[in-house]
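Peer 1: Provided below are the primary sequence and the corresponding predicted coordinates.
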Amino acid sequence: MKKSLFSLGILLGIQFGFSQSVDTNFGSNGTVTHAQKGTYFQPTVLPDGKMILSGSYESSTSNKAVIMKLNADGSLDQSFANGGVFTMDLQADTDYFEGFSQVLVQNDGKLFFCYASELDNGIDPETLTLNLVRLNANGTADTSFTSPWSDTTTDLDNSIFDLKLLSSGKYLAYGHNYLMRFNSNGSLDTTYGTNGKRTITFEINEVYVSGDNIYINGNAPATPNNRTLYRLLNESAGISGSNNFVTGRVYQNNSTFFIDQNNFTVHELLKLDANLAPAAGFGTNGRVTLSNQIYTGSLLFQPGGSTIICTSTSTNTGAYYTYTRLNYNGSINTAFGQGGTFTVNVPNSAGFRADIENIMNPNGYIYNVFYGTNNSNNVFVKRILLPNEILAVLNSDKASDGKITVLENPVGNTLKLSADLENANIYDGSGKLIMSNLKGREHEVTELSKGLYIITGKSSKGAENKLKFIKK
């Protein structure tokens, strides 16, 4: 189960390659410590900048599933659950591993995830139990989640890999070669597929959701190193598009996809649009070439279009974490750190394991989550400042061609355009409609939260415009 559902004062010795990146006002010398809280957390960032960490706590006397909710300053959100921590401990026997999947945040603020317990004592057959869970935003049980699905199996290879939110308000799960759909009350949607399960004719590695679209990273059973990204218009539809990218790790950024391809001879980053075609304006035909010495651990995406490549290297004396920022067009942002990169050196004496979770927060910081050594269950959170981005220019066409530009970007309280837009709509970064039927060249956006937005509409000449702006 760990390979399926969950596959998904000390810092005084830490040195930073770029001193301006450290937020020394965060915690103690840039770090907040949470003692005896757990390990192997998966992060979820909330729209207000708060963060949820979901994972497990394991010791010789107690195992349990744990969720922590942190404020933007790294402290526990005392208004959530029990002093900022929600736990489930359904198995008294410590031969059971217990943990939570990554938390998914609904539009109404409720939290959806899965509890899992796995028996692995080396004697009895391995057994996995899964229970769907939904909490209110404050960490209390959601009593409207009346029929949560539960399952116990010894066939761990065919258990659920992960969960996704659907635009319909229902839930999607996927496994080795199937999709499952659940109703909003947690029950299995037996109207979907065959008794709630749809068989897929290829092996599924990962599933992504963007609006109504479902994207599947898959391969034929006999060719695991020949992968294809498939697009379905919804979870019930057939394949409407594909891209045979062969090998590489896929990262989703809203409706676009990045595929990191590194065979240690050639290292390329491929960007695909929502139709799975190479993205215009990024490198050459959607590709940029990177140093083959960069082994990508994760990608982070900033609201202005920048991409941060996170890498790590362990040595006998400690670990090095390096961050490289690309501009929206794929070029190295040389104003970032020193020549485009900065490095964090964590010596072994800090008491950190080499594992790290990198979190891109809408408040403009990178948050890092480390875990304590020697099964201490200590959690360390660090925060790094980021210099301003070079914003993507989606609206660079001349106004004489009917194209309109954003005059001031980032935007304060008023969005100012170079000319009038008709029947304009504003969407957030996830594609959710925020404001509609706007007219004119100035629009009050005081109530918008910080982040990336897109405004669409027609000019007086009938030209379609799609403009990106940052609300500061």
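Peer 2: That came through fine.
Peer 1: buried stuff in stretch 460-472?
Peer 2: Neighbour counts over stretch 460-472 (16 or more other Cβ atoms under 10 Å) mark Asn465, Leu467, Lys468, Phe469, Ile470, Lys471 as buried. In short, each C-beta sits where N, CA and C put it, glycine included.
Peer 1: which one among the residues you listed gets closest to Ser75?
Peer 2: Using Cβ to Cβ, Lys471 comes nearest to Ser75 of the buried residues of stretch 460-472, at 25.7 Å.
Peer 1: identify the bridge partners of that closest one.
Peer 2: Beta bridges link Lys471 to Val411, Gly451, judged by DSSP bridges.
Peer 1: and Thr87, by the same measure?
Peer 2: Here Thr87, judged by DSSP bridges, has bridge partners Val66.
Peer 1: low-confidence ranges in the protein?
Peer 2: Where the chain drops to pLDDT under 70, the residues are 1-21, 293, 390-403.
Peer 1: in it, which strand is the longest?
Peer 2: strand 414-428 (DSSP state E).
Peer 1: contacts for that one, please.
Peer 2: 399, 404-408, 433-445, 448, 451-460, 465, 467, 469 (Cβ atoms under 8 Å, 6 or more residues apart in numbering).
Peer 1: name the next helix or strand following that strand along the chain.
Peer 2: Remark: after strand 414-428, the chain's next helix or strand is strand 433-444, criterion DSSP states H and E.
Peer 1: contacting residues for Thr44?
Peer 2: Applying Cβ under 8 Å, 6+ apart to Thr44 gives the contacts Met51, Ile52, Leu53, Ser54, Gln102, Val103, Leu104, Val105.
Peer 1: make it 7 Å
Peer 2: Met51, Ile52, Gln102, Val103, Val105 (Cβ atoms under 7 Å, 6 or more residues apart in numbering).
Peer 1: now, those that are in strands?
Peer 2: Met51, Ile52, Val105.
Peer 1: what residues does the last one make contact with?
Peer 2: It refers to Val105. Val105 makes contact with Thr44, Leu46, Leu111, according to Cβ under 7 Å, 6+ apart.
Peer 1: so Asp162 sits right up against Tyr174, yeah?
Peer 2: Yes. Counting by Cβ atoms under 7 Å, Asp162 touches Tyr174, with 6.4 Å between them.
Peer 1: if we can go back for a sec, in TSV: the contacts of Val105, plus secondary structure and distance to Phe282.
Peer 2: What follows is the contacts of Val105, written out as TSV (DSSP: H, G, I helix; E, B strand; the rest coil; distance: Cβ to Cβ, whole Å):
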residue	secondary structure	distance to Phe282
Thr44	strand	27
Leu46	coil	29
Leu111	strand	34
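Peer 1: tell me the one among those residues nearest to Phe370.
Peer 2: Nearest to Phe370, judged by Cβ to Cβ, of the contacts of Val105 is Thr44 at 17.8 Å.
Peer 1: quick revisit: just the buried ones from the contacts of strand 414-428?
Peer 2: Neighbour-count burial (16+ other Cβ under 10 Å) applied to the contacts of strand 414-428 gives 404-406, 435, 438, 443, 445, 448, 451-455, 457-459, 465, 467, 469.
Peer 1: residues near the closest residue to Glu126 other than its chain neighbours, how many?
Peer 2: Once flanking residues are discounted, Glu126 sits nearest to Asp120: 5.2 Å by Cβ to Cβ, 6 or more residues apart in numbering. Neighbour count for Asp120, taken as other Cβ atoms under 10 Å: 16.
Peer 1: could you measure from Asp120 over to Ala92?
Peer 2: 16 Å (Cβ to Cβ, to the nearest Å).
Peer 1: how about the secondary structure of Ser349?
Peer 2: Each residue gets one of three states, and Ser349 gets helix by DSSP: H, G, I helix; E, B strand; the rest coil.
Peer 1: got it, and Met180?
Peer 2: Three-state assignment for Met180 (three-state DSSP): strand.
Peer 1: nearest residue to it other than its sequence neighbours?
Peer 2: Closest to Met180 by Cβ to Cβ, 6+ apart is Ala173, at 4.3 Å.
Peer 1: now do the contacts for the one you found.
Peer 2: Remark: with contacts taken as Cβ under 7 Å, 6+ apart, Ala173 is in contact with Ile160, Leu163, Met180, Phe182.
Peer 1: distance between the stretch of helix or strand Val288 belongs to and the chain's centre?
Peer 2: Per DSSP H and E, Val288 falls inside strand 287-290. Taking Cα atoms, centre = their mean, to the nearest Å, one finds strand 287-290 lying 22 Å from the centre of the chain it belongs to.
Peer 1: who are the packing partners of that strand?
Peer 2: In terms of contacts (3 or more Cβ pairs under 7 Å, 6 or more residues apart in numbering; DSSP states H and E), strand 287-290 is packed against strand 267-272.
Peer 1: buried residues of the strand it packs on, list them for me.
Peer 2: So, applying 16+ other Cβ under 10 Å, buried residues of strand 267-272: His267, Glu268, Leu269, Leu270, Lys271, Leu272.
Peer 1: the residue nearest to Glu126 touches Thr127, doesn't it?
Peer 2: No. Taking contacts as Cβ under 7 Å, Asp120 lies outside contact range of Thr127: 8.5 Å.
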